[in-house]
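Peer 1: Provided below for reference: sequence and predicted model.
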Amino acid sequence: METDLGWWAVPLALIGGAIRISTPFLFVSLGETITEKSGRINLGLEGTLVFGAMIAYGMAYLIGDAWTQAEVAAALAQGLPAPDVSARSYPMAAWLGVAIAAFAGAVFGLVHGLICSLKRVNDIAVGIAMMLFGMGIAFYFGKPFIAPAAPDLPSIPFAGWSDIAQVRDAFNVNVLFIIGIALAVFLWWAFRNTRLGLILRVVGDSADAARALGYDLNLVRTLATAVGGAFAGIAGAFLSLYYPGSWNEGISSGQGLMAVALVIFARWNPIACFWAAMLFGGTSALGPALQAVGVTGGYYLFNAAPYILTLGLMIATSSKNRAMAGAPGELSITR
Amino acid sequence: MSVAEVLEFPVEAPPPAAIGSAAFSVETIGMTKRFGSFAALDDVSIRVRAGTVHALLGENGAGKSTLVKCIMGFYQPSAGQLLINDRETVIKSPKDAHTSGLGMVYQHFTLIPSLTAMENLVISRPHVPPVIDWGKERRDLEAFLANMPFRVPLDTPISELAAGQKQKLEILKQLYLRSKFLILDEPTSVLTPGEAEEVLGLLKGMANRGELTILMITHKFREVEAFCEDVSVLRKGKLTGTGKAADLTRSDMATMMIGEKTLNKVAEREGEPDTGKPILRLEDFVVDDRTGLKTTNIETLAVHSREIVGIAGVSGNGQKELAEALGGQLTLKKGKVSVDGARYSGRREESRSHQVRFIPEEPLRNACAPRMSVAENLSFRTFDEAGEKQVVWLRQGRIRAYARELVRRFGVKTASIAAPIATLSGGNVQRAVLARELTGYVELLIVTNPCFGLDFAAVADIRSQIVAARNRGAAVLLISEDLDEILELSDRIMVMSEGRIVYETPSAGADVMVIGQHMAGHH
């Protein structure tokens, strides 16, 4: 039942938006945190995100379609009437799409990492190349998937008890969001308490020291970039399979790039990444939320809120004299 | 007859204990390392006796680091053997060296800045468990530290530790890794005289109790005399002497290090400071460092014409921020810097009109464009002016002629003035920057660690140039971590500690130990 909540609809929509929209920010920024902790920056995550969205959607659609046809064929083979498959949805197909997107993202990260392991290669330049490559290849292979509908990822109705539709909507939380929170906490713990976490920080903070301890810098960094790419692939899958929930060429609108800025804002701390992602998600929902209560003036201005926020935060948290506290020492942007 | 032939070691029986439980001896026999046709190390045989502190002396490029790198497995020697406890041992890699109980404390720090001391120690172990139990590690470390001569805070990130604490932690790390043979590369360069005494004294104690053997690279004769049983001297890759420290005088050691050539004496200061004519004035000077965590705060500082004011202090106590703020690299948070009574912020017009010259530390990085030519680098102060006017078109002929003149006058050794300045040796880069900054009339000279890492001859030369500028009437602010340099050159000495000037004394009659106590933060 739709209830008229008046202005209460705005904070509700912001919370709901924060939960929904933050998920891709969260995954990309967690992945980028891992990469940057190792001392490399991967600006190609925007491309990885878009490609992840395309391949997750395409694969989920193709797998779902194949399963539907198999079901029909099986029924017909047994002489039964063809079942009504128009409302069939296969969450499993969507999860397979997510897995394939993660794998594709890892491959993208691996390519970035391997190219950057060559001598005199700049990670920022390679990142931009990978971003353009990822987007280009996604658009090229994605054309046939713009029209059909792929299965959705399931969500958990945390407010199923409420009879207000908007509340139920706002707290319809996707499983990936919960996985993202768990990952943020896990990474925060792992950076301090596991061997791998410490090695990652050593490699990212002092190449000389890491070499002296006998670690293979390029190996660690390449793997860290691959893991970061996988996270971005999952973020892409979320975009096309859950929210907004379809594949088109403008699906990311720069979220992959903003997530990189968000890592800097979050000072390479996974928990802070979560809060930053929530903040970005919330501001992204500002335009639609205001429109829903009838404020239509400045719609595009409010839609630009996350970008203005990025800019404002970067200016506010930067300093002419100070190096960034908490920045991995080997990161090319802070050296 | 060389000194090496005269002196002989007492022959000792190899200690029966196995490696790992007690100190052991290390000996090189005919160690040679060639890079192409150049022998960086030529037939060097030294014996470091178990349970002793052995000094390795030599100028820059004498082969000291090549020798220790061969011992530590960074290099494979072209010829020669290594004996550990009189048994021939082949060290293929630093890892091998570690397994054999050899450890090295480098001159540059190998600690990871953002990790805490505890994290640094644990990650340096060869076997780290996949998930680290910090409670257990802390208990183990406390137990380990209880038997150690000095302590460091375990939970502070390295980047917030003072240089002296880092140096101690580097040494603790080697002991934690159970190294029984330590190579120390100029271990006291970042320590106050007091800290140096403490650390070396404690290590010597451990060595003489048979827990350790130490090979120490140094250039301080005082340390050799006070802490070392034996000494070996290298020059141009060859061993020029080895023997008991007690049997050698300072002049013997100096002769072995630099040969028979005579050194230029540093020019004498002439004339008294013109105290009526302050050139540089700092008032209520406040500047934050790049992390924003430490503040440098100088209430008042004046440098007069014909005066060298030496700023002493252990590195990391605000000297760098002071220099960077004066050079215009950091902006002041508060306060005022004036030159000749006019506000000064380090801009090019200001430094030009007041004849302010600036020699920062690491000049190749901070005062040169490394890939531009020597001639171009030498012209940075002058390329755009012709008399009073600004030039539009550069006159390459004039730039080259100017560069040739400076290269000749300051004795910069370069293949050509068209060579990139990065191809010059450290001493020659320093000379080139000095040539650029000291040419013409200089009213104020700000100079940081001018002789860091240079050899004897270059040091005397560069110090003479600084004194000569002072004698011509320049005000000089000399910021240096080398206390001997400060004592030698300054008219007035100030000590910086924790971002403040904590002590001031005229250099005539200055007491080194008092200065040292202030450097260490005891005021």
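Peer 2: Cool, the structure landed.
Peer 1: from here on, contacts and neighbour counts on C-alpha atoms
Peer 2: Fine.
Peer 1: can you give me the offset of the longest helix belonging to chain A from its chain's centre?
Peer 2: Ranked by residue count, the top helix of chain A under DSSP state H comes out as helix A:45-77. Counting by Cα atoms, centre = their mean, to the nearest Å, helix A:45-77 is centred 20 Å from the centre of its parent chain.
Peer 1: likewise stretch B:424-442?
Peer 2: That offset, for stretch B:424-442, works out to 19 Å (Cα atoms, centre = their mean).
Peer 1: Mind pulling up the pLDDT for the residue of the stretch 101-250 of chain A found nearest chain B?
Peer 2: The nearest approach of the stretch 101-250 of chain A to chain B comes at A:Thr194, 4.3 Å away (Cα to the nearest Cα). With respect to pLDDT, A:Thr194 scores 94.
Peer 1: Next, it: phi, psi?
Peer 2: Main-chain torsions, A:Thr194, degrees, to the nearest 10: phi -120, psi 160.
Peer 1: The one 10 residues further on now?
Peer 2: For A:Gly204, the backbone dihedrals are phi -80, psi -20 (criterion: degrees, to the nearest 10).
Peer 1: Surely it touches A:Gly329?
Peer 2: Yes - at 6.3 Å, A:Gly204 and A:Gly329 qualify as touching, with contact defined as Cα atoms under 8 Å.
Peer 1: show me what contacts the residue of the stretch 101-250 of chain A closest to chain B?
Peer 2: Residues near A:Thr194 by Cα atoms under 8 Å, 6 or more residues apart in numbering or on different chains: B:129-132.
Peer 1: what are the bridge partners for it, then?
Peer 2: For A:Thr194, the beta-bridge partners are B:Val131 (DSSP bridges).
Peer 1: Could you check what's spatially nearest to the closest residue to chain B within the stretch 1-150 of chain A, not counting adjacent residues?
Peer 2: Among the residues of the stretch 1-150 of chain A, A:Lys37 lies nearest to chain B; the distance is 11.1 Å by Cα to the nearest Cα. In this structure, A:Lys37 finds its nearest non-sequential neighbour in A:Gly204, 5.2 Å apart by Cα to Cα, 6 or more residues apart in numbering or on different chains.
Peer 1: so how far is B:Glu170 from the one you found?
Peer 2: According to Cα to Cα, to the nearest Å, A:Gly204 stands 20 Å off from B:Glu170.
Peer 1: Give me the more crowded residue out of those two.
Peer 2: Between A:Gly204 and B:Glu170, A:Gly204 has the larger neighbour count (other Cα atoms under 10 Å in any protein chain shown), namely 27 against 24.
Peer 1: and that one, what is it in contact with?
Peer 2: A:Gly204 makes contact with A:36-40, A:328-331, according to Cα under 8 Å, 6+ apart.
Peer 1: same thing but 6 Å
Peer 2: By Cα atoms under 6 Å, 6 or more residues apart in numbering or on different chains, A:Gly204 lies in contact with A:37-39, A:328, A:330.
Peer 1: low-scoring pLDDT stretches of the chain, where are they?
Peer 2: By default, I'm working from chain A. Along chain A, segments meeting pLDDT under 70 span A:1-3, A:86-87, A:319-325, A:333-335.
Peer 1: wrong one, I was asking about chain B
Peer 2: Applying pLDDT under 70 to chain B picks out residues B:1-21, B:60, B:260-266, B:291-292, B:387, B:453, B:455, B:522-523.
Peer 1: and the residue of it nearest chain A?
Peer 2: B:Arg290 (3.8 Å).
Peer 1: before we move on, what SS does that residue have?
Peer 2: coil (DSSP: H, G, I helix; E, B strand; the rest coil).
Peer 1: A:Pro270 versus that one, what's the distance?
Peer 2: For B:Arg290, the distance to A:Pro270 - Cα to Cα - is 24 Å.
Peer 1: A:Val10 is in contact with A:Gln291, isn't it?
Peer 2: No - using Cα atoms under 6 Å, A:Val10 is not in contact with A:Gln291, being 9.3 Å away.
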